[in-house]
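*Asks:* The sequence isn't on hand, but the structure is:
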């Protein structure tokens with residue numbers, strides 16, 4: 001577990017070229033921008049009939065993909081629009097991730113610019129990062145966990161499950177194995193599902209990679225599926241481990257297709 005009450009970090013980005021349309025978010029950012037960021041990331045993680053959900057979290061919500069995903073594959077789109085319950089499941093994950101990243105000044109949104117070149121509140125892609133540290137800030141202690149939940153409301157009942165525990169355990173094991181030294185952790189990454197295929201995800205990822213290069217530190221993340229794997233590999237990440245998950249008593253529907261979760265690492269280009 002991480003520390004019980006962490007001190008907010010403010011990583012120095014003075015040596016990083018941050019394009020004008022990539023906004024560094026904080027608790028004091030425009031509430032409309034923060035809400036749009038949350039909505040875009042939630043919709044991306046929930047999935048649509050044209051875009052895939054976040055695979056491991058889709059499995060925690062509904063382990064039988066044959067009834068909900070194209071070809072019974074968690075890396076493919078949904079058969080029907082996401083239910084309110086599925087959306088609530090993903091929204092809690094995003095709110096939790098944003099809360100940690102906002103505290104440590106490491107959430108960013110790629111936004112549209114107006115006719116004068118000024119950033120708007122229209123979000124094209126967004127990421128929640130955890131900055132380099134030696135206190136496991138991505139894994140808050142019990143006191144801080146209660147504090148976060150108090151701010152973002154209690155989790156939905158679907159979140160409190162053995163499958164969520166199983167995903168958390170395998171992610172923690174992989175993180176400790178492949179990223180035990182200070183590094184940038186790509187906690188969540190999402191592109192606006194209505195604007196995919198236009199290079200917005202690549203633009204934001206290039207900025208994230210520049211953070212690793214400028215600090216001479218690794219980037220680490222977990223993902224799932226061939227499409228995501230190709231995207232990250234094109235940006236310099238390598239698969240360190242495939243992490244299938246049995247899920248406690250849910251062994252009839254393991255999370256194993258495409259290797260289950262993927263632990264991926266990018267070393268700095270200096």
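*Replies:* It's in. Please read all numbers here as calculations on a predicted model, not as lab measurements.
*Asks:* Tell me the buried residues in stretch 262-270?
*Replies:* The neighbour-count check on stretch 262-270 (16 or more other CB atoms under 10 Å) flags 262, 263, 264, 265, 266, 268 as buried. No exception for glycine: its C-beta is placed from N, CA and C like everyone else's.
*Asks:* tell me the average confidence for that stretch?
*Replies:* Summarised as a single mean, pLDDT over stretch 262-270 is 94.
*Asks:* How about stretch 23-36?
*Replies:* Regarding stretch 23-36, the rounded mean pLDDT is 97.
*Asks:* Then residue 189 would be within a helix, right?
*Replies:* No. Applying DSSP: H, G, I helix; E, B strand; the rest coil, one finds residue 189 to be strand, outside a helix.
*Asks:* got a pLDDT number for it?
*Replies:* So, for residue 189, pLDDT stands at 98.
*Asks:* Kindly provide the distance from it to residue 245.
*Replies:* 20 Å (CB to CB, to the nearest Å).
*Asks:* try residue 201
*Replies:* Relative to residue 245, and taking CB to CB, residue 201 is found at 26 Å.
*Asks:* where along the stretch 1-150 of the chain do the strands fall?
*Replies:* For the stretch 1-150 of the chain, the strands defined by DSSP state E, counting those that start in this stretch cover 22-25, 107-113, 119-130.
*Asks:* Packed most tightly, which of those would that be?
*Replies:* Burial among the strands of the stretch 1-150 of the chain, expressed as mean neighbours by mean count of other CB atoms under 10 Å, is greatest for strand 119-130, which shows a mean of 23.
*Asks:* circling back to that earlier point, output the strands of the stretch 1-150 of the chain in a markdown table; the columns should cover distance to residue 152.
*Replies:* Output for these, formatted as a markdown table (distance: least, CB to CB, whole Å):
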| stretch | distance to residue 152 |
| --- | --- |
| strand 22-25 | 15 |
| strand 107-113 | 14 |
| strand 119-130 | 13 |
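*Asks:* Which one of these lies nearest to residue 215?
*Replies:* strand 119-130 (11.6 Å; CB to CB).
*Asks:* tilt between that closest one and strand 107-113?
*Replies:* Angle of strand 119-130 versus strand 107-113, following axes from the mean of the first three to the mean of the last three CA atoms, to 10 degrees, is 160 degrees.
*Asks:* Can you tell me which helices and strands strand 119-130 packs against?
*Replies:* helix 31-46, helix 84-103, strand 107-113, strand 184-191, helix 200-215 (3 or more CB pairs under 8 Å, 6 or more residues apart in numbering; DSSP states H and E).
*Asks:* now the second one, how far from the centre of its chain.
*Replies:* What it means is helix 84-103. 10 Å (CA atoms, centre = their mean, to the nearest Å).
*Asks:* pretty sure residue 105 contacts residue 27?
*Replies:* No. Counting by CB atoms under 8 Å, residue 105 sits too far from residue 27 to count as a contact (9.4 Å).
*Asks:* what sits in contact with each of those two?
*Replies:* Common neighbours of residue 105 and residue 27, using CB atoms under 8 Å, 6 or more residues apart in numbering, do not exist here.
*Asks:* Between the two, which has more neighbouring residues?
*Replies:* residue 105 (18 against 13; other CB atoms under 10 Å).
*Asks:* quick one: pLDDT of that one?
*Replies:* At residue 105, pLDDT is 94.
*Asks:* Same check on residue 3?
*Replies:* 47.
*Asks:* Check the one 4 residues further on too.
*Replies:* Note for residue 7: predicted pLDDT of 84.
*Asks:* That one and residue 135: what is the separation?
*Replies:* The value you get for residue 7 to residue 135, if CB to CB is used, is 9 Å.
*Asks:* If you count surrounding residues, which of the two has more?
*Replies:* The neighbour count for residue 7 versus residue 135, taken as other CB under 10 Å, is higher for residue 135 (14 against 10).
*Asks:* wait, doesn't that one sit right on residue 6?
*Replies:* Yes. Residue 135 lies in contact with residue 6 (CB under 8 Å); the separation is 6.0 Å.
*Asks:* re the thing from before, so which of the strands of the stretch 1-150 of the chain is nearest residue 211?
*Replies:* strand 119-130 (7.6 Å).
*Asks:* tell me the angle the closest one makes with helix 200-215.
*Replies:* Angle between the axes of strand 119-130 and helix 200-215 is 50 degrees (criterion: the same axes, to 10 degrees).
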